[in-house]
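Asker: Provide a 3D model corresponding to the input given below.
(2 chains)
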Number of protein chains: 2
Amino acid sequence: MPELSITAPQDVPFIDISREFDAPRDLVYRAYIDPELLAQWLGPRRLEMRVDRWDPVDGGAWRYVHVEKDGTEYGFHGVFHGKPSPDGIVQTFEFEGAPGHVSLDSLLLEERDGKTVIHTHSVYQSVEARDAMVQAGMADGLREGFDRLEELLGRLVPVG
Amino acid sequence: MPELSITAPQDVPFIDISREFDAPRDLVYRAYIDPELLAQWLGPRRLEMRVDRWDPVDGGAWRYVHVEKDGTEYGFHGVFHGKPSPDGIVQTFEFEGAPGHVSLDSLLLEERDGKTVIHTHSVYQSVEARDAMVQAGMADGLREGFDRLEELLGRLVPVG
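Answerer: This is a model prediction of the structure:
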């Protein structure tokens, strides 16, 4: 399984993430941009994902909800800054359980020998808000989500 | 003249700004949210400001251009995250002369004995991008812009 790298430098409000996927860049991009595909991998397996809005255009809004088996909902929303493309997606991000704390997330898909490395760079409004995100266990959800993405990409790639 | 405070902590990609204005909060908010008023104060006096788009709603886009006397244009654009209100305006910000460098800016208007303190907190994607913004002379343009805002607010306040 490719290694997931998560960096959260002390006293600087960033989280940087990267992981390689054995799939072409356009396919990885599609799994991000198509809400029906996104809902199949983003987040831990135990949660159902409902995409209320996903409008990946310059200024487009997005909102999705992760739903526990008992019905508890975790909502997230934001807007896209600039036109999303395989060269980059920039969006704001707010967890509705911590309203008023917004991050600016950018995604870059790097092509490398037919494989694709996902890089994300998130900047927070304070180091405390960044630390809270790390302590909320985002790494576990992320690892599981990326494993699901790898499985999904395996199903999407045409078998040669 | 009230003091302008600008803080750019070393190695942390923030710029924090604050200044007091002798005007009620709702009036200061109006000067931000109404594009016809905004164009009368934002930026240095030597530049004409043209607002191409200013849609202060959740997910609304904005773009404005500062124009030199010789016709040179400096464009800026972004989107609003969340519904703007006197309690806060959160927006992305990109100078089109440095494409790909985006900041997340938040504005807070604090009421204090009938006066209003403007606080802004901007977070950049890197310390280098923050430093470039400081070195581009943003303090001078800001100081002049805030002086113009003070003059505008003086004209807007009904003389009792």
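
Asker: Name the residues of chain A found near chain B, please.
Answerer: With the criterion set to CB under 8 Å from any CB of the partner chain, chain A comes near chain B through A:11-13, A:58-61, A:78-82, A:88, A:90, A:92, A:94, A:100, A:102-104, A:106, A:121, A:123-125, A:127. C-betas here are computed from N, CA, C, even on glycine.

Asker: Give me the subset of the residues you listed lying in helices.
Answerer: Judged by DSSP state H, the subset of those located in helices is residue A:127.

Asker: any idea which helix is longest in chain A?
Answerer: Taking DSSP H as the criterion, chain A has its longest helix at helix A:138-156.

Asker: Please identify the buried residues of it?
Answerer: A:138, A:141, A:142, A:144, A:145, A:146, A:148, A:149, A:150, A:152, A:153 (16 or more other CB atoms under 10 Å in any protein chain shown).

Asker: What ranges does chain A have for its strands?
Answerer: Taking DSSP state E as the test, the strands found in chain A are A:5-7, A:14-21, A:48-54, A:61-67, A:73-85, A:88-95, A:102-112, A:115-124.

Asker: Tabulate these (TSV), appending mean neighbour count.
Answerer: Putting those into TSV (neighbours: other CB atoms under 10 Å in any protein chain shown) gives the following:
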stretch	mean neighbour count
strand A:5-7	13
strand A:14-21	19
strand A:48-54	15
strand A:61-67	18
strand A:73-85	19
strand A:88-95	20
strand A:102-112	18
strand A:115-124	19
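
Asker: need the contact list for the residue nearest the centre of chain A.
Answerer: In chain A, the C-alpha nearest the mean C-alpha coordinate belongs to residue A:42, at 6.6 Å (CA atoms, centre = their mean). Applying CB atoms under 8 Å, 6 or more residues apart in numbering or on different chains, we find residue A:42 in contact with A:49, A:64, A:145, A:148, A:149.

Asker: With residue A:57 instead?
Answerer: Neighbouring residues of residue A:57 by CB under 8 Å, 6+ apart: A:80, A:83, A:84.

Asker: Can you tell me which of these is nearest residue B:111?
Answerer: residue A:80 (33.4 Å; CB to CB).
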